[in-house]
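Visitor: sequence and predicted structure are below.
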Amino acid sequence: FTALDIREVNARPLAARRTTTTTTAPHSRHTAAMNESDDPMPDECLRVVCLCADWCGVCRDYRATFDSASATFGARAEFSWIDIEDDAALLDDVDVENFPTLLIAHDARVLFFGTVTPQPATLGRLVQGAIDGELHPLAATSKIDAFLQRLRGAGA
């Protein structure tokens with residue numbers, strides 16, 4: 001994010017509910033490993049989950065963008081980085097065909113699941129849209145809904 005992007009994001013109104021965030025250390029496996037406790041994440045929370053792979057150059061480059069967004073959005077969203085190979089059991093039968101793939105959810109409702117271009121502005125617009133209530137829940141898909149439940153239970 002540029003300084004202008006950050007000022008624009010911070011000037012926008014917050015969603016009705018404030019959420020908690022866990023920032024990640026650069027290149028840590030995923031956010032859950034950085035939590036101070038093993039408690040599951042709160043139910044009423046905006047979650048932004050990146051599904052990537054350590055062997056993917058685009059993913060390695062995108063990590064800095066993702067960490068920057070986590071810092072920018074602060075307490076308004078919980079960011080998690082999940083390596084699809086290290087955490088294959090968590091993904092179970094969810095297919096990740098391209099990188100980076102994002103899951104954005106509020107509570108138990110999936111707002112976005114798909115591949116994004118790796119530019120900071122794309123991530124910023126999606127997260128801000130979710131915060132502002134501009135993203136609407138997707139139609140239920142058993143694979144993605146089950147994955148979100150596993151994430152919530154694992155605290156990831």
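Guide: Cool, got the structure.
Visitor: okay, now the unreliable bits of the chain?
Guide: Applying pLDDT under 70 to the chain flags residues 1-44, 155-156.
Visitor: how close does the residue most central in space within it get to Trp81?
Guide: The chain has Val48 as the residue nearest its centroid, 1.7 Å off, counting by C-alpha atoms, centre = their mean. Between Val48 and Trp81 the distance is 10 Å, computed by C-beta to C-beta, to the nearest Å. Every residue, glycine included, has its C-beta placed from N, CA and C.
Visitor: and the helices in this protein?
Guide: Listed in chain order, the helices of the chain (DSSP state H) span 3-11, 57-73, 88-91, 120-131, 142-154.
Visitor: only alpha carbons, please: show stretch 91-105 as CSV.
Guide: Extracted in CSV, the C-alpha atoms of stretch 91-105 (Å, rounded to 0.1, in the frame of the first residue of the first chain):
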residue,chain,number,x,y,z
LEU,A,91,-7.9,-28.0,3.5
ASP,A,92,-9.1,-31.5,3.0
ASP,A,93,-11.0,-31.6,-0.3
VAL,A,94,-10.8,-27.9,-1.1
ASP,A,95,-9.1,-27.4,-4.5
VAL,A,96,-6.7,-24.5,-4.9
GLU,A,97,-6.0,-24.2,-8.6
ASN,A,98,-4.0,-20.9,-8.7
PHE,A,99,-2.2,-18.5,-6.4
PRO,A,100,-2.8,-16.5,-4.5
THR,A,101,-6.3,-17.8,-3.4
LEU,A,102,-8.2,-15.8,-0.8
LEU,A,103,-11.0,-16.7,1.5
ILE,A,104,-12.8,-13.7,3.1
ALA,A,105,-15.5,-14.6,5.6
